[in-house]
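A.B. asks: build the 3D model from these lines:
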Amino acid sequence: MNDPGDLAVFLRAKRAALTPDSTPLNGYGVRRRVPGLRREEVAQLAGVSVTYYTRLEQGHSRHASDEVLLALARALQLTVTETEHLLDLARGTRTQIVDPGPEKASASARSLLSLVAARPAVILGRRNDVLAWNSLGHALVAPHLPADAPDDPTSRPSLPTLLFLDPHVRALYRDWEREAADYVAYLRLISGKYPDDEALTRMIGELCVRDDAFAALWSSGRVGECVAGTKRMVHPHAGEITVDFQLWAQTDQPDQRIEIYELRDDPDGTRTQALLGTHAVDGLNV
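C.D. replies: From the prediction side, this is the model:
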């Protein structure tokens, strides 16, 4: 069977997720086999022919104009991030990977990491691999792993892989389902920007095979970008904690980001230091 392509899969998923009663459609609500919209309904809302839209969903036409794509985005009620992803898929966007070898934390990212030693922080690559972390960042996100794990590209921690396949990391999150959904939505966004990233494709394929929850979330077609938010965690040393986070992109390496965390209700930093257990802060692992 021929692969219809990511554009077709994404359109199908978004069509299935949109119900007629949330659209201006009239007279289409009787005896439906599926809860989502029909192809002809999407075509009507977007102002395109049913034949053309069907070809898009079947993967027979993968180069729609921006005008048509934006009309489809409006019809399917896509968010700004989802619309960006739709355009990436249809245009066949190829974000060039200058260095095909292992990612390295940029100098500016390492410099910023050194300035936030009092807070947990990690440097993330485009696949959400940990390129570096400070002592508190290590203690927060993966305290059971060696502190020098990010130094070796062959054993570098992958946060998505840990979240789904490592029981220690999975147990850290009280809202694991929401955390998992956010990670998968981000991976789908990145996969549209880096369709030639073999390591990313391989990781997604492995997770689909090894974890049913990941496979279900991936098939949902959800796309998202998360630059700030809150994590509710149960930490082996600090107990139940609520952590706010922000992600900072790097101008010299825009596909690398620094995730900086701050524990709530911790004015004197006592709970933050508790992340380390009996270990004192002994510098940065960068």
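
A.B. asks: residue boundaries of the helices in the stretch 151-286 of the chain?
C.D. replies: Taking DSSP state H, counting those that start in this stretch as the criterion, the stretch 151-286 of the chain contains helices spanning 159-165, 167-170, 176-193, 198-210, 212-219, 270-274.

A.B. asks: pipe those into a markdown table and attach mean neighbour count per row.
C.D. replies: Any C-beta I mention is one placed from the backbone N, CA and C, and that applies to glycine too. Formatted as a markdown table, the helices of the stretch 151-286 of the chain follow (neighbours: other CB atoms under 10 Å):
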| stretch | mean neighbour count |
| --- | --- |
| helix 159-165 | 20 |
| helix 167-170 | 14 |
| helix 176-193 | 19 |
| helix 198-210 | 15 |
| helix 212-219 | 17 |
| helix 270-274 | 17 |
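
A.B. asks: please state the offset of the longest strand seen in the chain from the chain centre?
C.D. replies: When the chain is parsed with DSSP state E, its longest strand is strand 239-249. Relative to the centre of its chain, strand 239-249 is centred 16 Å away, using CA atoms, centre = their mean, to the nearest Å.

A.B. asks: returning to that earlier point: can I get the helices of the stretch 151-286 of the chain in a markdown table with mean pLDDT and distance to Tyr53?
C.D. replies: Output for these, formatted as a markdown table (pLDDT from 0 to 100; distance: least, CB to CB, whole Å):
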| stretch | mean pLDDT | distance to Tyr53 |
| --- | --- | --- |
| helix 159-165 | 96 | 33 |
| helix 167-170 | 96 | 40 |
| helix 176-193 | 91 | 20 |
| helix 198-210 | 92 | 27 |
| helix 212-219 | 92 | 21 |
| helix 270-274 | 92 | 53 |
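
A.B. asks: and of the ones you listed, who's closest to Thr83?
C.D. replies: Closest approach to Thr83 among the helices of the stretch 151-286 of the chain (CB to CB): helix 176-193, 11.4 Å.

A.B. asks: what's that closest one packed up against?
C.D. replies: helix 80-91, helix 159-165, helix 198-210, helix 212-219 (3 or more CB pairs under 8 Å, 6 or more residues apart in numbering; DSSP states H and E).

A.B. asks: quick one: residues contacting Pro120.
C.D. replies: Residues counted as contacts of Pro120 (CB atoms under 8 Å, 6 or more residues apart in numbering) are Trp133, Asn134, Leu136, Gly137, Ala139, Leu140, Val141, Val243, Ile260, Tyr261, Thr272, Leu275.

A.B. asks: so what's the closest residue in space to Pro157 that isn't next to it in sequence bridging to?
C.D. replies: Using CB to CB, 6 or more residues apart in numbering and skipping residues adjacent in sequence, the residue nearest Pro157 is Val130, 4.4 Å away. Beta-bridge partners for Val130, by DSSP bridges, are Leu124.

A.B. asks: and Val130, what's its pLDDT?
C.D. replies: pLDDT for Val130: 96.

A.B. asks: correct me if wrong: it contacts Ser155.
C.D. replies: No. Contact criterion CB atoms under 8 Å: Val130 and Ser155 do not qualify, at 10.7 Å.

A.B. asks: do you know which of the helices and strands packed on helix 176-193 lies nearest Thr54?
C.D. replies: Closest approach to Thr54 among the helices and strands packed on helix 176-193 (CB to CB): helix 80-91, 15.7 Å.

A.B. asks: list the helices and strands the helix or strand of the chain with the lowest mean pLDDT packs on?
C.D. replies: The weakest-scoring helix or strand in the chain, judged by mean pLDDT, DSSP states H and E, is helix 80-91 (a mean of 82). When contacts are defined as 3+ CB pairs under 8 Å, 6+ apart, helix 80-91 packs onto helix 6-17, helix 66-75, helix 176-193.

A.B. asks: please save the CA atoms from the first one in PDB.
C.D. replies: The C-alpha coordinates for helix 6-17 follow below in PDB (Å, rounded to 0.1, in the frame of the first residue of the first chain):
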ATOM      1  CA  ASP A   6       2.100  13.300   6.200                       C
ATOM      2  CA  LEU A   7      -0.100  16.000   4.600                       C
ATOM      3  CA  ALA A   8      -2.900  13.500   3.900                       C
ATOM      4  CA  VAL A   9      -2.600  11.900   7.300                       C
ATOM      5  CA  PHE A  10      -2.800  15.300   9.000                       C
ATOM      6  CA  LEU A  11      -5.800  16.500   7.000                       C
ATOM      7  CA  ARG A  12      -7.700  13.200   7.800                       C
ATOM      8  CA  ALA A  13      -6.900  13.500  11.500                       C
ATOM      9  CA  LYS A  14      -8.100  17.200  11.800                       C
ATOM     10  CA  ARG A  15     -11.200  16.400   9.700                       C
ATOM     11  CA  ALA A  16     -12.100  13.500  12.100                       C
ATOM     12  CA  ALA A  17     -11.600  15.700  15.100                       C
END
